[in-house]
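[1] A predicted structure for the sequence below; I have some questions about it.
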Amino acid sequence: MEKKEQIQKLITAFVDSEENEFYVSLERSRLNYSKMVNALHNPFKIILLFGPPGSGKSFLFHKFFKEYASEYPLFLYKTPDFNQSALKSIYESVTKQTIRSSDNMEALERLREIEKEIIVMLDEAQLYSQEQMEWIRLLSNEKNLKFIISVHKVANEDLLAQKHFRTRIYETIRFEPLKPEEITQYIEEKLLLSDAQNIFSKFDKKSCKLIYSFSEGNLRDINRLLNRFFSLIHSAVEANSSFVLSSKLVNKFIEMAAIDLGMVKSKSWIRQWI
């Protein structure tokens, strides 16, 4: 593969998107994914995923939807637009029948007649109001409605943490920022998927420490940083076709990418590039 073509592939591999085909499954994410899959074969009302932004919830959420949407009636809502009118759309999608009435209660009544289990996936559910979440809790009492809910956190004062909500949660799946050793594995597997094993050999211990120090284990920031890193490398290759990437240059380009993205807060880091 030509050098520029390979680097362009790496830029794509680190695009921060749930639709990214270069998916890396770390041991922890495999365990969390298994919990979600196992729950499909058990009676559940609510599965709760929670963790800080950038801990990988949305990636796993969307991977699960893509893999099981053909087997189960799965409905994914990325923003807080799951409301009473959504029940009408769900019914029509499952039954291929049209409800002409605008009465949302009629949609719920008709859903009760369906024998299939319907799974509603709510991403970024911390954006829903208390009233909406209470309505979702009541819906989870319906025999054929199940929910997989992703939120940033569950504080003691949140509705999700209250007893009458907790009793409906079958599985709680916690996500955490990546640890330094997981970042090393993540980068290695991404580069292997991109047929760029030769480039991974240029990353040393300092490289992964730098990435951790700038990203603090936030998966979204890791992707942003390495996407910018390879964009800078691509520019260097375009400017000089004989450009050769060394371990020392890897670390310098990581620092440059971090500065470019505003991840560097210390002026002492910036001064060395002026």
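    Looks like it came in fine. In this text the structure is predicted, and so the values were computed from the model without any measurement.
[2] switch to C-alpha atoms for all contacts and neighbour counts from now on
    Will do.
[3] May I ask you to confirm that residue 120 belongs to a strand?
    Yes: counting by DSSP: H, G, I helix; E, B strand; the rest coil, residue 120 is located in a strand.
[4] Who are the contact partners of it?
    Counting by CA atoms under 8 Å, 6 or more residues apart in numbering, residue 120 touches 74, 75, 76, 77, 145, 146, 147, 148.
[5] Same question for residue 149.
    Contacts of residue 149 (CA under 8 Å, 6+ apart): 46, 47, 48, 49, 121, 122, 123, 124, 125.
[6] which of those has the most neighbours?
    Among the contacts of residue 149, residue 46 has the most neighbours (other CA atoms under 10 Å), with 27 neighbours.
[7] Specify the beta-bridge partners of that residue.
    residue 147, residue 169 (DSSP bridges).
[8] how about it, what does it touch?
    Taking CA under 8 Å, 6+ apart as the definition, contacts of residue 46 comprise 140, 146, 147, 148, 149, 168, 169, 170, 171.
[9] does the second one really touch residue 45, like I thought?
    Yes: here residue 146 lies in contact with residue 45, judged by CA atoms under 8 Å, at a distance of 4.8 Å.
[10] nearest to residue 6, of the contacts of residue 120?
    Among these, residue 76 lies closest to residue 6 (CA to CA), at 34.0 Å.
[11] right, and that closest one touches residue 66 too?
    No: contact criterion CA under 8 Å: residue 76 and residue 66 do not qualify, at 9.9 Å.
[12] Neighbour count for those two, which is higher?
    Each of residue 76 and residue 66 has its neighbours counted (other CA under 10 Å); residue 76 has more, 17 against 13.
[13] who's in contact with the helix or strand where the more buried one lies?
    Residue 76 is located in strand 74-77, with elements delineated by DSSP states H and E. The set of residues external to strand 74-77 that reach it, using CA under 8 Å, 6+ apart, is 65, 68, 69, 90, 118, 119, 120, 121, 122, 123.
[14] what's near enough to touch residue 129?
    No contacts exist for residue 129 under CA under 8 Å, 6+ apart.
[15] For it, give me phi and psi.
    Dihedral pair for residue 129: phi -80, psi 170, per degrees, to the nearest 10.
[16] Kindly tell me how buried residue 7 is, as a neighbour count.
    That count, for residue 7 with other CA under 10 Å as the rule, works out to 22.
[17] so where's the chain shaky on pLDDT?
    1-2, 19-20, 154-159, 161, 265-274 (pLDDT under 70).
[18] Centroid-wise, who is the farthest residue in this structure?
    residue 242 (37.5 Å; CA atoms, centre = their mean).
[19] Can you classify that residue by secondary structure?
    coil.
[20] one step back: now tabulate the contacts of residue 149 in JSON lines and tack on distance to residue 96.
    Listed next are these as JSON lines, based on distance: CA to CA, whole Å:
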{"residue": "46", "distance to residue 96": "26"}
{"residue": "47", "distance to residue 96": "27"}
{"residue": "48", "distance to residue 96": "30"}
{"residue": "49", "distance to residue 96": "31"}
{"residue": "121", "distance to residue 96": "20"}
{"residue": "122", "distance to residue 96": "23"}
{"residue": "123", "distance to residue 96": "25"}
{"residue": "124", "distance to residue 96": "29"}
{"residue": "125", "distance to residue 96": "28"}
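[21] Can I get the helix or strand containing residue 12 in PDB, CA atoms only?
    Following DSSP H and E, one finds residue 12 within helix 3-13. Extracted in PDB, the C-alpha atoms of helix 3-13 (Å, rounded to 0.1, in the frame of the first residue of the first chain):
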ATOM      1  CA  LYS A   3       2.500   5.600   2.000                       C
ATOM      2  CA  LYS A   4      -0.100   8.300   1.600                       C
ATOM      3  CA  GLU A   5      -2.900   5.800   1.000                       C
ATOM      4  CA  GLN A   6      -2.000   4.000   4.200                       C
ATOM      5  CA  ILE A   7      -2.000   7.200   6.300                       C
ATOM      6  CA  GLN A   8      -5.300   8.300   4.800                       C
ATOM      7  CA  LYS A   9      -6.800   4.900   5.900                       C
ATOM      8  CA  LEU A  10      -5.500   5.600   9.400                       C
ATOM      9  CA  ILE A  11      -7.100   9.000   9.400                       C
ATOM     10  CA  THR A  12     -10.400   7.300   8.600                       C
ATOM     11  CA  ALA A  13      -9.800   4.600  11.300                       C
END
